[in-house]
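Undergrad: Here's my sequence, what's the structure:
(2 chains)
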Protein chains: 2
Amino acid sequence: MDQPLEPVCVFSQRAQQLTSSAIREILKVTERPEVISFAGGLPAPSGFPVEVVRAAFDKVLADNGRAALQYGPTEGYAPLRKWVAEDLNRAGAKVTPDQILIVSGSQQALDLLGKVLIDEGSKVLVEDPSYLGALQSFSLYQPKFVPVATDEGGLIPEAITPELAAGARFLYALPNFQNPTGRTLTLERRKALVQRAAQLGLPIVEDDPYGELRYAGEPQPGLLALASEYGANVIRLGTFSKVLAPGLRLGYIAAHRSIIDKLVQAKQATDLHTPTLTQMAVYEAVKDGFLEEHLPTVREIYRVQGRCMLDALAQELPDTVKWTVPEGGMFLWVTLPEHIDSTKLLAQAIEHNVAFVPGKPFYAGKPQTNTLRLSFVTVPEDKIRSGIAILGKLIKQYV
Amino acid sequence: MDQPLEPVCVFSQRAQQLTSSAIREILKVTERPEVISFAGGLPAPSGFPVEVVRAAFDKVLADNGRAALQYGPTEGYAPLRKWVAEDLNRAGAKVTPDQILIVSGSQQALDLLGKVLIDEGSKVLVEDPSYLGALQSFSLYQPKFVPVATDEGGLIPEAITPELAAGARFLYALPNFQNPTGRTLTLERRKALVQRAAQLGLPIVEDDPYGELRYAGEPQPGLLALASEYGANVIRLGTFSKVLAPGLRLGYIAAHRSIIDKLVQAKQATDLHTPTLTQMAVYEAVKDGFLEEHLPTVREIYRVQGRCMLDALAQELPDTVKWTVPEGGMFLWVTLPEHIDSTKLLAQAIEHNVAFVPGKPFYAGKPQTNTLRLSFVTVPEDKIRSGIAILGKLIKQYV
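TA: Just a heads-up that it's a prediction; the model follows:
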């Protein structure tokens, strides 16, 4: 096109603040096959039930092709909404199918929540550190992030003071195997959090993409399951990305009807609805209990590779380095001695063909620049060992 | 859930303006099987190539299942981006694959454009009347709509004065078989429009969901194809909804690289990417020229039903009623004598089990309340005839 190279549109204020981060640029090199990348947030493709998904798409198109290819209701495919509600209720929640909105992956849930709950300058409470994709998504609606203190046990409920919560639109929290830290809230903290939120009139957005990927410790009730007991307002986000496959882009929001109604209106203006065929095929795949037989396979892949990384860390890293021991999910969180900047370490690691994500961008508050996130799920065991060995050598230079 | 029935969240200003329209409530009755609905915007499912889509999904999952189910790049599946660029270039455009962003249906394109181009109070020029879904989507970003006058020939380029265009973020236009009017811009007006936009530095968003559904008259070059000749900045939206199937939710944006880059950043925060499997399957379905053999079938369905409706209108409606004669697409636009309010007519029509969409909500400027939109593509011919006969009788009461 014979158009000038400079921008030819006036971009909105929110768009002007969107920039391609330096880290994203560095991480582009992780696509090179020789790079051992602990940076990714991708689930292990070896855990994708390809043949089950294939059979489900085929059955839906064979039996119900025209309906599967037609526009559908914004709320989602009714049998799938019912399935999700029943699934949540088996885990202790009390929701009806009309409290479920099917969305195009959890990321869209975050965007829709930003759309309907955030005005410019609205206070939004976030765990510090928190999921980078949520910070980016909410940022488009220009909130004022208020970090909530965390410790080894994750979010500290007592840190949510009335002053901190005053006027906040919601608290965003990941209670299970948090991204980026891998930490899990104890039952005690869950109860304290939900009770406090109820007292303060603070809605909680509970994001739980990894909850089904627990491979150690005891399952804990979700915040939504605890909500009715304490009268709290919990909006829960779930996804099929980690239990089935992320490329399908399928997730859900469970919330009070008044919130779902507003989200439905926003979703209609945003993308009309989530693809009908995908919803029908996923329903077909999961309706007869497939996940119960499939999830142990996924959990076992993650458990073994997580174990492998923990062993390698213990063997290769100096005593002054600490890391979390996740009970599930895909990530663990490394804290280096304070004087080591993980962004600088990344630049060195890349030269040695190893990648990770430095901790800094996960912080809404003052960043701890000596932290980093490691994912263990897409790297084979021998590469986990050699990659961690390289990191160990680089870190030892500093100590 | 033991939650109160009243809203338990503070909604954003943009969410507060979202309301379920009275018309939408009325139109819920169109789901009753006894209702003859000319209100829908749904393509005819008889035109969906179910078996081709089924074979494409099956082949992709058989050959490349794990890749198809994994996360993918935000920009879209590279071979599909290339296919779209080549398809546009065959129609006279000059674009490269990196100027294509794959989106989850055109509606998402509208949302992303709103995100990156509209600030609160930004001027956005729209044809009057225009596509309701676009008005709703842009509204979430709180622009100031500026209506551009139209006549029987559609948008009037001379109506875009320097004063009207000053500071506007873009003009939104549908040059082919416009929704809601069914009108098509002549070549002369297209050239005048693109030239004027170039002179005024006014970006044009060209939305062309129906362009391939022409069944009468001569194809006209798209605005993007005319853009480079005049140095205009045209952002083109296209979709597979009307040529393949809408339930797949697949569309694209073609634009200058600087705009695509910004849209990619916004899309990443919005839903990460459009489903990988869907993109791969659609590419598989269309890559060897399938649309060229398939589209004549769809066009013929639409032509025959459009003809049937035009004949019925001529037979049943009084002389004082006017309507457009579309050269393609799904809709025609009826103008009643000025004293007839089509919203009131709808209430009567519903009682007689006939539905349509009154013209009022399509206007950003002063509405012509004596207009209405009829869709002819999902109603069988005998029902088109009986439905239009009922409308004719109701209208005759007023004249």
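Undergrad: any idea how far A:Q397 is from A:I390?
TA: 12 Å (CB to CB, to the nearest Å). C-beta coordinates here come from the backbone N, C-alpha and C atoms, glycine included.
Undergrad: Mind checking which of these two has more residues around it?
TA: A direct count of neighbours by other CB atoms under 10 Å in any protein chain shown for A:I390 and A:Q397 places A:I390 higher, at 16 against 9.
Undergrad: what sits against the more buried one?
TA: The neighbourhood of A:I390, defined by CB atoms under 8 Å, 6 or more residues apart in numbering or on different chains, consists of A:I36, A:A349, A:H352, A:N353, A:V354.
Undergrad: The same query, at a cut-off of 10 Å, please.
TA: A:I36, A:E316, A:Q348, A:A349, A:H352, A:N353, A:V354 (CB atoms under 10 Å, 6 or more residues apart in numbering or on different chains).
Undergrad: My reading is that it lies in a helix. Confirm?
TA: Yes. Counting by DSSP: H, G, I helix; E, B strand; the rest coil, A:I390 is found in a helix.
Undergrad: what are the phi and psi angles of A:K322?
TA: Note on A:K322: backbone dihedrals following degrees, to the nearest 10 are phi -120, psi 150.
Undergrad: Grab the nearest non-local neighbour of it.
TA: Nearest residue to A:K322, sequence neighbours excluded (CB to CB, 6 or more residues apart in numbering or on different chains): A:T335, at 4.6 Å.
Undergrad: The one you found contacts A:R373, doesn't it?
TA: No. Using CB atoms under 10 Å, A:T335 is not in contact with A:R373; the gap is 11.0 Å.
Undergrad: before we move on, the earlier item: what's the overlap in contacts for A:I390 and A:Q397?
TA: Counting by CB under 10 Å, 6+ apart, the residues touching both A:I390 and A:Q397 are A:Q348.
Undergrad: tell me the centre residue of chain A?
TA: A:P209 (5.3 Å; CA atoms, centre = their mean).
Undergrad: Quick check: pLDDT value at that residue.
TA: pLDDT, A:P209: 95.
Undergrad: Report the separation between it and B:T74.
TA: For A:P209 relative to B:T74 (CB to CB), the value is 18 Å.
Undergrad: re the thing from before, and A:T335 and A:R373? which has more neighbours close in?
TA: Between A:T335 and A:R373, counting by other CB under 10 Å, A:R373 is the more crowded of the two (26 against 19).
Undergrad: surely that one meets A:S37?
TA: No. Using CB under 10 Å as the test, A:R373 is too far from A:S37 to be in contact (11.8 Å).
Undergrad: any shared contact partners between those two?
TA: A:F356, A:V357.
Undergrad: Tabulate the contacts of A:I390 (CSV), appending neighbour count, secondary structure and pLDDT.
TA: Putting the contacts of A:I390 into CSV (neighbours: other CB atoms under 10 Å in any protein chain shown; DSSP: H, G, I helix; E, B strand; the rest coil; pLDDT from 0 to 100) gives the following:
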residue, neighbour count, secondary structure, pLDDT
A:I36, 23, strand, 95
A:E316, 19, helix, 97
A:Q348, 15, helix, 95
A:A349, 25, helix, 95
A:H352, 14, coil, 96
A:N353, 17, coil, 95
A:V354, 24, strand, 96
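Undergrad: B:L140: which of the residues you listed is nearest?
TA: A:A349 (41.8 Å; CB to CB).
Undergrad: and that closest one, what is it in contact with?
TA: A:26, A:35-36, A:38-39, A:342, A:355-356, A:358, A:372, A:387, A:390-391, A:394-395.
Undergrad: buried ones in stretch A:282-291?
TA: A:V282, A:Y283, A:E284, A:A285, A:V286, A:F290, A:L291 (16 or more other CB atoms under 10 Å in any protein chain shown).
Undergrad: just curious, which of those residues is nearest to B:K123?
TA: A:V282 (42.3 Å).
Undergrad: and that closest one, what element?
TA: helix A:276-286 (DSSP states H and E).
Undergrad: so A:V205 is in which element?
TA: strand A:204-207.
Undergrad: next structured bit after that strand?
TA: Next helix or strand after strand A:204-207 toward the C-terminus (DSSP H and E): helix A:223-230.
Undergrad: buried residues in stretch A:61-76?
TA: For stretch A:61-76, by 16+ other CB under 10 Å, it's A:L61, A:N64, A:G65, A:A67, A:A68, A:L69, A:Q70, A:Y71, A:G72, A:T74, A:E75, A:G76.
Undergrad: Relative to the whole chain's centre, how far out is it?
TA: Centroid separation for stretch A:61-76 versus its chain: 28 Å, with CA atoms, centre = their mean, to the nearest Å.
Undergrad: quick one: contacts for A:V8?
TA: B:G201, B:P203, B:G231, B:A232, B:N233, B:I235, B:A255, B:H256, B:S258, B:I259.
Undergrad: Return the distance of the third one relative to B:E163.
TA: It refers to B:G231. For B:G231 relative to B:E163 (CB to CB), the value is 22 Å.
Undergrad: higher neighbour count, these two?
TA: B:G231 (16 against 7).
Undergrad: The more buried one: what's its closest spatial neighbour, skipping adjacent residues?
TA: B:A198 (4.7 Å).
Undergrad: low-scoring stretches of chain A, by residue?
TA: For chain A, the stretches flagged by pLDDT under 70 are A:1-7, A:20-27.
Undergrad: Repeat the analysis, applying 90 as the threshold.
TA: A:1-8, A:16-33, A:40-47, A:228, A:242, A:378, A:398-399 (pLDDT under 90).
Undergrad: Give me the domain ranges for it.
TA: A:17-47+A:292-396, A:69-288 (the TED database).
Undergrad: Just name the most buried of the ones you listed.
TA: With neighbours defined as mean count of other CB atoms under 10 Å in any protein chain shown, those peak in mean count at domain A:69-288, which reaches a mean of 22.
Undergrad: ends of that one, how far apart?
TA: For domain A:69-288, the separation between the terminal residues is 23 Å (CA to CA, to the nearest Å).
Undergrad: show me where the stretch 101-250 of chain A has strands.
TA: A:123-127, A:144-148, A:150-151, A:154-155, A:170-173, A:204-207, A:234-239 (DSSP state E, counting those that start in this stretch).
Undergrad: okay if I get the ones you listed as CSV plus distance to B:F177?
TA: Shown next, in CSV, are the strands of the stretch 101-250 of chain A (distance: least, CB to CB, whole Å):
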stretch, distance to B:F177
strand A:123-127, 44
strand A:144-148, 46
strand A:150-151, 56
strand A:154-155, 54
strand A:170-173, 44
strand A:204-207, 42
strand A:234-239, 38
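Undergrad: nearest to A:L112, of these?
TA: Taking the strands of the stretch 101-250 of chain A one by one with CB to CB, strand A:234-239 is closest: 9.9 Å.
Undergrad: send the alpha carbons of the closest one over as PDB?
TA: Provided in PDB are the C-alpha atoms of strand A:234-239 (Å, rounded to 0.1, in the frame of the first residue of the first chain):
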ATOM      1  CA  VAL A 234     -18.200 -13.500  44.000                       C
ATOM      2  CA  ILE A 235     -17.900 -13.500  40.300                       C
ATOM      3  CA  ARG A 236     -16.100 -16.600  39.200                       C
ATOM      4  CA  LEU A 237     -14.100 -17.100  36.000                       C
ATOM      5  CA  GLY A 238     -13.400 -20.600  34.600                       C
ATOM      6  CA  THR A 239     -12.000 -22.000  31.400                       C
END
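Undergrad: could you give the angle of that strand to helix A:223-230?
TA: Here strand A:234-239 runs at an angle of 160 degrees relative to helix A:223-230 (axes from the mean of the first three to the mean of the last three CA atoms, to 10 degrees).
Undergrad: Quick check: neighbours of strand A:234-239 in the sheet, parallel or antiparallel?
TA: strand A:204-207 (parallel), strand A:251-254 (antiparallel) (DSSP bridges).
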